[in-house]
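Trainee: What follows is a predicted structure for the sequence shown.
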Number of protein chains: 4
Amino acid sequence: MDYQSILKEIKLEIEPFLSEGNVADYIPALAKVEPNQFAMTLTLFDGTTYSIGCSDTKFSIQSISKVFTFTKALSLYGKKIYNKVGKEPSGNPFNSLVQLEYENGIPRNPFINAGAIAITDSLFTHYERDTFDNIIQFIKDISNNYELDYNEEVWRSEYECGYRNSALANLMKSFGNFENDIESVIKTYFKQCSIEMTTFELSRAMLFLANHGVDPITQKRFVTQSQAKRINAIMLTCGHYDASGEFAFHVGLPGKSGVGGGIVAVVPEVMSICVFSPRLNSWGNSLVGTKALELFTTKTGHSIF
Amino acid sequence: MDYQSILKEIKLEIEPFLSEGNVADYIPALAKVEPNQFAMTLTLFDGTTYSIGCSDTKFSIQSISKVFTFTKALSLYGKKIYNKVGKEPSGNPFNSLVQLEYENGIPRNPFINAGAIAITDSLFTHYERDTFDNIIQFIKDISNNYELDYNEEVWRSEYECGYRNSALANLMKSFGNFENDIESVIKTYFKQCSIEMTTFELSRAMLFLANHGVDPITQKRFVTQSQAKRINAIMLTCGHYDASGEFAFHVGLPGKSGVGGGIVAVVPEVMSICVFSPRLNSWGNSLVGTKALELFTTKTGHSIF
Amino acid sequence: MDYQSILKEIKLEIEPFLSEGNVADYIPALAKVEPNQFAMTLTLFDGTTYSIGCSDTKFSIQSISKVFTFTKALSLYGKKIYNKVGKEPSGNPFNSLVQLEYENGIPRNPFINAGAIAITDSLFTHYERDTFDNIIQFIKDISNNYELDYNEEVWRSEYECGYRNSALANLMKSFGNFENDIESVIKTYFKQCSIEMTTFELSRAMLFLANHGVDPITQKRFVTQSQAKRINAIMLTCGHYDASGEFAFHVGLPGKSGVGGGIVAVVPEVMSICVFSPRLNSWGNSLVGTKALELFTTKTGHSIF
Amino acid sequence: MDYQSILKEIKLEIEPFLSEGNVADYIPALAKVEPNQFAMTLTLFDGTTYSIGCSDTKFSIQSISKVFTFTKALSLYGKKIYNKVGKEPSGNPFNSLVQLEYENGIPRNPFINAGAIAITDSLFTHYERDTFDNIIQFIKDISNNYELDYNEEVWRSEYECGYRNSALANLMKSFGNFENDIESVIKTYFKQCSIEMTTFELSRAMLFLANHGVDPITQKRFVTQSQAKRINAIMLTCGHYDASGEFAFHVGLPGKSGVGGGIVAVVPEVMSICVFSPRLNSWGNSLVGTKALELFTTKTGHSIF
């Protein structure tokens, strides 16, 4: 398939929408991003990549980091991790405390905020002070790219207004589902969210999930085949907060979005994808990014359905 | 692949679990079913079928009928149907009124009870008194089987204790999201649930959803390619009530279960499947049926992830 | 105290507010009422009454009827009635299904719709087809007035759009907390709501609750002293839906409002009161009625606090 | 009335229940209290007191402190305080986050935990580092007793496991309804809860609320007549968490309980009361204390209803 032409078509078709939606503005550092950007990268199993737009521009990966920390926790703890966090869609906004209270402090899945914080807490139990170093090292390994870093200004400003995430952590701790010092875990969580990557790098980082857990280029295995299948399943059912059904419906690929404007997705056994555009739709997912992926699966037939 | 051998292996492996779980007993007529039954049928695009167990035994399709009525409504109304019913997982039990009230009488998706009743109401607007006849005719058409019928005793006894479904319908009507006489719609709904089919028949009926909306044997088109993709997406994210994530996670196929013990599933572009075993797990899905499907995707690799 | 002068002062002070708020318009028959009316009546233990405004104008008593049916049920069943309905404030709108579902079909108190319907259901168990006749007879007895009637048009139009109340009844029935035919009970419930009385008549009807259960004029006892105390307590904590705290705070008397614009209240050991003005505030209570009662307790010091 | 004889009768009648219920055990320091204690004190307007049981034993006032901080905040800020905290019963457990999230971080009333923490936050805005000193000084003033102190061990151990209260504070802060440093406010809140008083002292401290805001002995005014009326109204409708209706129903007096086993109550224009017994009923209120107050109002007729 002529992927480069398809990317060009997509770029033309999404252009009228580049000024719709709004950049996340709850922290000043995120609000400063140039809003009308667009980039998209495909990475095939032989290492071939197709890119369009600003695919070398770093952006804040934000909740996409939840895929990587959950992968790491699953490889460390196996099924035991599901005692701490569920695997069902939540039917509630990403940061709601309601369901967490009704369900005794066990978050519904690892991709809502409470679940991701619980996962970082579980990594902290293992790595202690070195938790963040191990998280970024893992992302370097899966992306085969050792130049990654996080943004000091972004994580600090998120931390300073992260009261709702502290509320979630305290509520889990009150139910006994939190093992470490809340402040340390929350800091680590905001650091992982502030890591900056390009669509080129993020697309590469997801390749192992399109290939049953093994990087098809380096042949390194990161999780078992069964675990890879399950991460993909949770991305499909829970990857886009309370618009996960909408995303499965329109795009039909396992994926995960972040409020920085990035969305990653995998076409099982074919490729991994990353798209970036900072303006968000009403559910907090990249508006143009979602459209671009919908166009991509329509044009290529690469839906899993 | 030697599907017959795989079915034999599955039958051996599920046998120790045949006495686990409980048959739905909220209506006497369903509780009378022989509990330790098991059947499974695969239907390929060329019409080849593989069956094991009591694949000629009729059972109550119950909520599996929701797939067929939703398909019919989607083909009648197109996207307009989403004004009446959403497409997000609910995060709540299948018959909850809570979310329906918070969300102004718009059910989350067509596979929870409120959503399915709303869909039957939409069909009633079109077909009026002939709604049930048109529903069963549609199932006859997609299954290419004109011997289907419903069970008078089952629908009557469900109707007589269906207060919660009446509560859902009344609540939707109070929000203006219900167009017809409640009693007539509820009766039709319970009739569609009481239709009886075998795994052989149900597997055949789902084939068009594995083939982009076209029956690959008769070449009849029932919905567009895009609509078929979306029905599959909603089955994956919402097909098993509050265990939809669990099912996506363990099985990894679009599917729909019924409290009669049946589960249907599709392997896109490959085949359709039906499994039957009456005892249910704690989420109201066939316990052995779920296991059988999990074994099937593990043994064949036929997961979409 | 010169009550007639106080009533005159109140009338002057509330006049600027007579055009604020809106008449209940969810049924045509209620919406037709002349909106800027006002009436207030006080009844003392010796039978002396003080009235101002249109105290001879009949209006729909609506939810005020819940006080009378609860009183009747309490006198019939004693404490057993609390197995069927609670006595706590609900913290939710008057017609919410949410709490009813979370709390297994047991309404929080007899003054929210679900609770009042449950009470009418309990009366139906005793009086069967004669339930409504016994309800209106009881109101005639306590008001010592045998000229009361209900409004055919009002109850029919409420019944025809009473889907939410049917939802509540069906939900209770699904939990086993409903004994009789839903349609018959709901019809009786709407009939009791459509009874029409004047402030003069309603004030008289409440006198026994100001006097420990005994009508101080006829000396007839309707409930025990302890039961009267408890009815007053529930009126204070639950009598005004989700503005009960607000009413206790501003007025400081046990009372009950109806969407017809009436409010009844008692000053224990002193008098009973009824005020009427059809425009409602945002909680569904008479706007001017609430103000008039607040002025009354401020001017007379007749608060219970 | 012969109050001393009545207290003796009450003591005899509650004795069979002294071993029912359980002492609050969520913090070790509270769990150590001798469980079968009982004390009750009445204080009349002329300073006469009647006591029975261990009325000189200090106990942890816990949530009774919420009455005093709310009184202080109301006298400081007047009606403006209701922008920060409501005055409606909550219909939910005392420490629930659910309603706080649905209602945008505004607690329902000052007597649930979230509301009391918001009140302490408002005092902190005024008194800053001296907030606790001013709180205890105010309690000394209203009780005319300058020997009060708090328990270092109790507040520290509550603080160390106070994750749910931190969750509430963080959630309010995320909604912009929290002005000061969370840790400092929470520490102050736990200190105020750990103040220790006897029934003799607490009964004296409540006297101004029985007398329209003025201490009838010293003639000092602490709040206006209108404010006193409103504090009493909120105690009646919200003073006992999700058993406030129950308490109004059985006791019929404005009151406030604490998990330390104390309950204060006022008989408007007559007296103030404090009862103490550490074992709690299922709603977290003193089991014997509630019974003793019910007996008291039954024997004396001193209910407000």
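Mentor: Received the coordinates, thanks.
Trainee: Show me the helices in chain A, by range?
Mentor: Ranges of helices within chain A are A:3-14, A:28-31, A:65-77, A:98-102, A:113-127, A:131-143, A:152-160, A:163-174, A:182-193, A:199-205, A:207-210, A:225-238, A:244-250, A:287-300, based on DSSP state H.
Trainee: Any stretches of chain A with poor pLDDT?
Mentor: Scanning chain A with the threshold set as pLDDT under 70 gives A:93-95.
Trainee: How many neighbouring residues does A:Thr71 have?
Mentor: Here the count is done by other CB atoms under 10 Å in any protein chain shown, and A:Thr71 has 23 residues near it. No exception for glycine: its C-beta is placed from N, CA and C like everyone else's.
Trainee: ditto for A:Leu12
Mentor: In terms of burial, A:Leu12 registers 10 neighbours under the definition other CB under 10 Å.
Trainee: ok, it to A:Ile6 distance?
Mentor: The gap separating A:Leu12 from A:Ile6 is 11 Å, by CB to CB, to the nearest Å.
Trainee: what's the answer for A:Asn145, then?
Mentor: Applying CB to CB to A:Asn145 and A:Ile6 gives a distance of 25 Å.
Trainee: And chain A, what are its domain boundaries?
Mentor: With automatic domain parsing as the criterion, the domains of chain A are listed as A:3-62+A:195-300, A:65-193.
Trainee: Figure out which of those is closest to chain C.
Mentor: domain A:65-193 (8.9 Å; CB to the nearest CB).
Trainee: What's the end-to-end length of the closest one?
Mentor: Terminal residues of domain A:65-193 lie 6 Å apart, using CA to CA, to the nearest Å.
Trainee: how about that domain, does it get close to chain C?
Mentor: No: Domain A:65-193 lies out of reach of chain C by CB under 8 Å from any CB of the partner chain, never closer than 8.9 Å.
Trainee: just how off-centre is that domain within its chain?
Mentor: The gap between the average C-alpha position of domain A:65-193 and the chain average comes to 12 Å, counting by CA atoms, centre = their mean, to the nearest Å.
Trainee: Which residues are in contact with A:Pro28?
Mentor: With contacts taken as CB atoms under 8 Å, 6 or more residues apart in numbering or on different chains, A:Pro28 has the following neighbours: A:Ser157.
Trainee: and it, how far is that from chain B?
Mentor: 32 Å (CB to the nearest CB, to the nearest Å).
Trainee: Could you do A:Asp215 as well?
Mentor: Counting by CB to the nearest CB, the gap from A:Asp215 to chain B is 17 Å.
Trainee: Setting aside sequence neighbours, what's the nearest residue to that residue?
Mentor: A:Phe208 (4.7 Å; CB to CB, 6 or more residues apart in numbering or on different chains).
Trainee: Was I right to think that neighbour contacts A:Val214?
Mentor: Yes: at 6.1 Å, A:Phe208 counts as touching A:Val214 under the criterion of CB atoms under 8 Å.
Trainee: Which neighbours do those two have in common?
Mentor: Taking CB under 8 Å, 6+ apart as the contact rule, A:Phe208 and A:Val214 both touch A:Lys220, A:Arg221, A:Phe222.
Trainee: list the contacts for the residue of chain A found nearest chain B?
Mentor: The minimum distance from chain A to chain B, using CB to the nearest CB, falls at A:Gly91 (2.5 Å). Contacts for A:Gly91 were tallied using CB under 8 Å, 6+ apart; they are A:Gln99, A:Asp242, B:Glu88, B:Pro89, B:Ser90, B:Gly91, B:Asn92, B:Gln99, B:Arg108.
Trainee: one more time with 10 Å, if that's ok
Mentor: Shown here is A:Gly91, whose contacts under the criterion CB atoms under 10 Å, 6 or more residues apart in numbering or on different chains are A:99, A:108, A:242, A:244-245, B:88-92, B:96, B:99, B:103, B:108-109, B:242.
Trainee: Could you do A:Ala24 as well?
Mentor: With contacts defined as CB under 10 Å, 6+ apart, the neighbours of A:Ala24 are A:30-31, A:33, A:60, A:62, A:258-261, A:278-280, A:284.
Trainee: one more time with 8 Å
Mentor: A:Leu30, A:Ala31, A:Val259, A:Gly260, A:Gly261, A:Pro278, A:Leu280, A:Gly284.
Trainee: same question, A:Leu148
Mentor: A:Leu148 makes contacts with A:Ile136, A:Ile139, A:Lys140, A:Ile195, A:Glu196, A:Met197, A:Glu201, as judged by CB under 8 Å, 6+ apart.
Trainee: Which positions in chain A make contact with chain B?
Mentor: Contact residues of chain A with respect to chain B, defined by CB under 8 Å from any CB, are listed as A:86-92, A:99, A:108-109, A:226, A:228-230, A:232-234, A:236-238, A:242-246, A:248-249, A:252, A:254, A:268, A:298, A:303-305.
Trainee: Just the buried residues of those residues.
Mentor: For the residues of chain A next to chain B, a neighbour count by 16 or more other CB atoms under 10 Å in any protein chain shown gives the buried set as A:86-92, A:99, A:108-109, A:228-230, A:232-234, A:236-238, A:242-246, A:248-249, A:252, A:254, A:268, A:298, A:303-305.
Trainee: Can you tell me, leaving aside adjacent residues, what's nearest to A:Ile304?
Mentor: Of all residues beyond its chain neighbours, the one nearest A:Ile304 is B:Ile304 (4.1 Å), with distances taken as CB to CB, 6+ apart.
Trainee: Now do the phi/psi pair for that neighbour.
Mentor: Phi and psi for B:Ile304, reported as degrees, to the nearest 10, are phi -80, psi -10.
Trainee: Contacts only, for it.
Mentor: In this structure, B:Ile304 makes contact with A:Pro268, A:Ile304, A:Phe305, B:Leu236, B:Gly252, B:Leu253, B:Pro254, B:Val267, B:Pro268, judged by CB under 8 Å, 6+ apart.
Trainee: And it, how far from chain D?
Mentor: Distance, B:Ile304 to chain D, using CB to the nearest CB: 35 Å.
Trainee: which residue is nearest the centroid of chain A?
Mentor: For chain A, the residue sitting closest to the mean C-alpha position, by CA atoms, centre = their mean, is A:Ile64 at 1.6 Å.
Trainee: Name the nearest residue to that residue, ignoring sequence neighbours.
Mentor: In this structure, A:Ile64 finds its nearest non-sequential neighbour in A:Gly258, 4.3 Å apart by CB to CB, 6+ apart.
Trainee: and of the domains of chain A, who's closest to C:Ile182?
Mentor: Among the domains of chain A, domain A:65-193 comes nearest to C:Ile182, with 29.5 Å by CB to CB.
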